[in-house]
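*Asks:* Predicted model and sequence below, questions to follow.
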Amino acid sequence: MYMLTVDEALALILQHVTTAVPQTVPLGDCLSRVLAENLLTPHDSPPFDKSMMDGFVVNSTGLDGGTSQTLSVLETITAGTVPTWNVVPGTASRIMTGAPIPDGGDCVIPIERVRFDEGHPETVTISGIDVAAERHILRQGCLAKTGEPLLSQGTIIEPQHIAVLAEFGVAEVPVFRRPTVAVLATGDELLPIDQPLTAGRIRNSNEPMLVGQIQRAQATAVPLGIARDDHSQLQACIQRGLECDFLLLSGGVSAGTLDLVPSELATAGVEQVFHKIQMKPGKPLWFGQRTADGRKCLVFGLPGNPVSSMICFELFVRTALRAFCGALKPEPTTVRATLSQNVAVRGDRLTYFPAKCVPGESGMMAEPVRWGGSADLRSTADANGMIVLEPRAEEYESGERVDAVLW
Ligand code: AMP
Ligand code: MG
């Protein structure tokens, strides 16, 4: 049977994702959300001509000859007030940083450069070498003009974007709705994490891991607990999960006698898009969708082995979540990294190998962790990403360049 490559699987997933409808949220709640519209500047920035220095504003005509001149002081203009006098040759106004430039003013001389006595504030003596038209003045609209592009759709909103939105008075921000993501762990062996171990049982570590991954992806997690490998219980839990935008199941998608997930999903009306991928770990990944009453739920059957689940989430589910949220480039971002140790790949599938990637003097360095395979969850605690290794007979050597995907 032909198995899809990772790239083919990613392309198929992206074909099935529908971008969320936009909503507006208050500016204070939009961190890490994805902007849903192209925004234009609603007004000039700065909105008026303003001083960039504390000092005196003058009219440069006839003053720039290099000689000293004593000017009469008209007024003090502080930030937030408006000037009342025009500056004409022979006069100056005291001005503070951020205050509006009066008509006639075209040069600000910093306070440190003038002779000025607070006891005799009627005059100020300036030197012509400090005078040049436009010096220390920020003209209206010189940073951005009304109607220019401000932020583009798909921008992931960070604090600098929040500041820009605030400057232009965008108090309600159009963003894409966050997806709801149900998590269903399946397996008769699973115990809730607060239970002592009993014979043959293990704790359900995949659910809290996936919830954390969902939260890191800025989506809303809906944990559904543990379903036993039992038709009716699985079916009931699947029905609840299908009410979300995404349903992630862990376990039950391999070839065991109790791997009931694909058949229960079919019973629930979920159409299979693919099952199994040429990759390691993560080969048993199952993906499908159900559309009912105009609502769509995308369903991922993640392999139960913890590292497989984790890696399939980072590659496939995260891509789907980014696309749902309107990201411009939803595919996983790879960075180039230099191996700091030898590492061997076994088998004939593209391997995603947990690694610790840290910036070094000559770019990103990747240190593969001591990893015992798809069940070796503990070792992933030393990793912050995964390196991508094509299958090959000889070891990858320290110093070789590889692709890495950071979590
Ligand atoms: P399965 O895909 O159901 O055959 O499970 C593969 C392996 O992953 C088995 O060793 C399971 O015990 C383990 N496993 C399945 N689900 C979980 C889970 N929620 N947390 C931790 N390990 C799990
Ligand atoms: Mg199982």
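*Replies:* Right, received. Where do you want to start? Ligands and ions are numbered 1, 2, ... in the order given.
*Asks:* Next to ligand 1, which bits of the stretch 1-150 of the chain? Give me the list.
*Replies:* Contact residues, the stretch 1-150 of the chain versus ligand 1 (CB under 6 Å from any ligand atom): none. C-beta: built from backbone N, CA, C; applies to glycine.
*Asks:* which residues of the stretch 251-400 of the chain score low on pLDDT?
*Replies:* Within the stretch 251-400 of the chain, no stretch has pLDDT under 70.
*Asks:* hey, where'd the strands end up in it?
*Replies:* Ranges of strands in the stretch 251-400 of the chain, per DSSP state E, counting those that start in this stretch, are 271-275, 279-280, 286-292, 295-302, 335-339, 350-360, 363-368, 385-389.
*Asks:* looking at those strands, which is closest to Pro89?
*Replies:* Shortest distance between Pro89 and these, using CB to CB, is found for strand 350-360: 57.2 Å.
*Asks:* Can you get me the centre-to-centre distance for that closest one and its chain?
*Replies:* 20 Å (CA atoms, centre = their mean, to the nearest Å).
*Asks:* again with stretch 50-64
*Replies:* Distance, centroid of stretch 50-64 to centroid of chain: 44 Å (CA atoms, centre = their mean).
*Asks:* burial of the closest residue to ligand 2 within the stretch 51-200 of the chain, as a residue count?
*Replies:* As assessed by CB to the ion, ligand 2 sits closest to Gly187 within the stretch 51-200 of the chain, at 3.9 Å. For Gly187, the neighbour count with other CB atoms under 10 Å is 21.
*Asks:* What separation do you get for it and Leu249?
*Replies:* 10 Å (CB to CB, to the nearest Å).
*Asks:* Pull the contacting residues for the residue of the stretch 51-200 of the chain closest to ligand 2.
*Replies:* By CB atoms under 8 Å, 6 or more residues apart in numbering, the residues touching Gly187 are Asn204, Ile226, Arg228, Asp229, Gly251, Gly252, Gly304.
*Asks:* And the residues you listed, which is closest to ligand 2?
*Replies:* Closest to ligand 2 out of those is Gly251 (3.8 Å), distances taken as CB to the ion.
*Asks:* Quick check, that closest one in contact with Glu207.
*Replies:* No. With contact defined as CB atoms under 8 Å, Gly251 and Glu207 do not form a contacting pair (10.6 Å).
*Asks:* Are there residues contacting both of those two? Which ones?
*Replies:* Ala185.
*Asks:* between these two, who's got more neighbours?
*Replies:* Higher neighbour count among Gly251 and Glu207: Gly251, with 29 against 23, using other CB under 10 Å.
*Asks:* excluding its backbone neighbours, what's nearest the more buried one?
*Replies:* Spatial nearest neighbour of Gly251, chain neighbours left out: Gly304 (3.1 Å); criterion: CB to CB, 6 or more residues apart in numbering.
*Asks:* and if you look at Gln341?
*Replies:* Nearest to Gln341 is Ser398, by CB to CB, 6+ apart, at 5.4 Å.
*Asks:* Out of the contacts of Gly187, which are close to ligand 2?
*Replies:* Near ligand 2, taking CB under 5 Å from the ion as the test, the members of the contacts of Gly187 found are Gly251, Gly252, Gly304.
*Asks:* quick one: contacts for Lys50?
*Replies:* Gly98, Ala99, Pro100, Ile101, Ile137, Leu138.
*Asks:* In this protein, what residue comes closest to ligand 1?
*Replies:* Gly304 (2.4 Å; CB to the nearest ligand atom).
*Asks:* Help me confirm that that residue comes into contact with Leu184.
*Replies:* No. The criterion here is CB under 8 Å, and Gly304 misses it with Leu184 at 11.7 Å.
*Asks:* Now the common contact residues for those two.
*Replies:* Residues touching both Gly304 and Leu184 (CB under 8 Å, 6+ apart): Ser250.
*Asks:* sec struct for Pro121, please.
*Replies:* Pro121 carries the three-state label coil when classified by DSSP: H, G, I helix; E, B strand; the rest coil.
*Asks:* Go ahead and confirm it touches Ser72.
*Replies:* No. When contacts are counted by CB under 8 Å, Pro121 is not listed as touching Ser72 (10.4 Å).
*Asks:* For the residue nearest to Gln341, give its distance to Val164.
*Replies:* Taken as CB to CB, the span from Ser398 to Val164 is 44 Å.
*Asks:* Could you do Ala92 as well?
*Replies:* For Ala92 relative to Val164 (CB to CB), the value is 34 Å.
*Asks:* The two - which one has more neighbours?
*Replies:* Ala92 (29 against 18).
*Asks:* pLDDT at that one, what is it?
*Replies:* pLDDT, Ala92: 98.
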